[in-house]
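Enquirer: Here's a sequence, model it:
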Amino acid sequence: MSSVEFTHFMQQCRQSVDQALNTLLPTAPKAGQTLIDAMSYSLFNGGKRVRPILAYASALAVGESSAQAGDGLHAVASALEAVHAYSLVHDDLPAMDDDDLRRGKATCHIAYDEATAILAGDALQTFAFDVISQAESLNAETRLQLVSTLAKASGAEGMVLGQSIDLNAVDQTLSLPELEMMHAHKTGALIRASVQMGAIATEQASPEQLKALDTYASAIGLAFQVQDDILDVVADTATLGKPQGSDQNSNKPTYVSLLGLEAAQEKADNLHQKALEALSTFDARADHLRSLSAYIVQRGH
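Expert: Purely as a prediction, here's the structure:
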């Protein structure tokens, strides 16, 4: 697959999820407009839409064409981006990572205020589950499976647990297995959910396909974080969209601090190869997933 085809696919996915989010985002009376504005600000602040793109690519891999993508798949993509946006709003708060920049723009609590940011994050999270529950093109069993998958990936068994471990790891020395366990939850859980949910939304994925896709997603979930840690060292603030070296300055354990830069880069490449191997039973319809794995480990190159 050419880079032009892949770039076009990503653009199509971003347009689809942005259109869906614009349509689905709730309205509010005048007294609540600040909340909606803060939600919209956090959703449309330049995100790459990696998780929705993974969902669309996963659906394509098991046989659903872009033209066939129904409201159910768009709802899944929207829900995933809403949960991701909420997590970033809360991660940036003073009580958490205390960041002023996100994607080169003021973080939500800076652009508005801390209380509004907390409420916007809360509202984005609940919005995600409402969107899935309202996806009438999917049968009730599928919607329940999607809600369960997203809840486990984003809550105390997934992303939130990872963030808690991350906060408790500041100034601590972690082993490689401990670091991987933390990031498998903090970053990897929602990436795995994205791939699973895209396939589930087609209502035609086999158990064998779901298992292979989960192996793929587990590998790219870790690769995503390894590359983030590398970029925190080698990229500048303009490229990162947040202060360069923020993890190092916060004395957080990273793959680079634990392995060194060269070994971390090698690990990212090895995870990319593992992801490709997991897709060996899929045909060319999974090429976008293959390209996404390369995209993740080549960010910033």
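Enquirer: same question for stretch 194-207, mean pLDDT?
Expert: The average of the pLDDT scores along stretch 194-207 is 96.
Enquirer: what do you get for stretch 94-105?
Expert: Mean predicted lDDT for stretch 94-105 stands at 90.
Enquirer: how distant is the helix or strand encompassing Leu21 from the center of its chain?
Expert: Per DSSP states H and E: Leu21 is located in helix 3-24. In terms of C-alpha atoms, centre = their mean, to the nearest Å, the centre of helix 3-24 is found 15 Å from the chain centre.
Enquirer: Now the next helix or strand along the chain from it: buried residues?
Expert: Counting by DSSP H and E, the next helix or strand C-terminal to helix 3-24 is helix 33-43. Across helix 33-43, burial judged by 16 or more other C-beta atoms under 10 Å covers 35-36, 38-43. (C-beta placed from N, C-alpha, C; glycine too.)
Enquirer: related to what we said a few turns ago, would you mark the buried spots in the helix holding Leu21?
Expert: So for helix 3-24, counting by 16+ other C-beta under 10 Å, buried means 6, 9-10, 13-14, 16-18, 20-21, 24.
Enquirer: what does stretch 261-270 give?
Expert: For stretch 261-270, the neighbour count (16+ other C-beta under 10 Å) marks 264-265, 267-268 as buried.
Enquirer: Looking at those residues, which is nearest Gly70?
Expert: Closest approach to Gly70 among these (C-beta to C-beta): Ala268, at 34.7 Å.
Enquirer: residues contacting that closest one?
Expert: Under the criterion of C-beta atoms under 8 Å, 6 or more residues apart in numbering, the neighbours of Ala268 are 223, 226-227, 230, 297.
Enquirer: Let's see if you can find the most crowded of the residues you listed.
Expert: Val226 (29 neighbours; other C-beta atoms under 10 Å).
Enquirer: Double-check that that residue belongs to a helix.
Expert: Yes: Val226 sits within a helix when classified using DSSP: H, G, I helix; E, B strand; the rest coil.
Enquirer: Isn't it up against Leu261?
Expert: No: Val226 is beyond contact range of Leu261, at 11.0 Å (criterion: C-beta atoms under 8 Å).
Enquirer: could you pull out the strands for the chain?
Expert: With DSSP state E as the definition, the chain shows strands at residue ranges 101-102, 105-106.
Enquirer: so which of the ones you listed gets nearest Leu93?
Expert: Leu93 lies closest to strand 101-102 among those, at 11.3 Å (C-beta to C-beta).
Enquirer: Thank you, goodbye.
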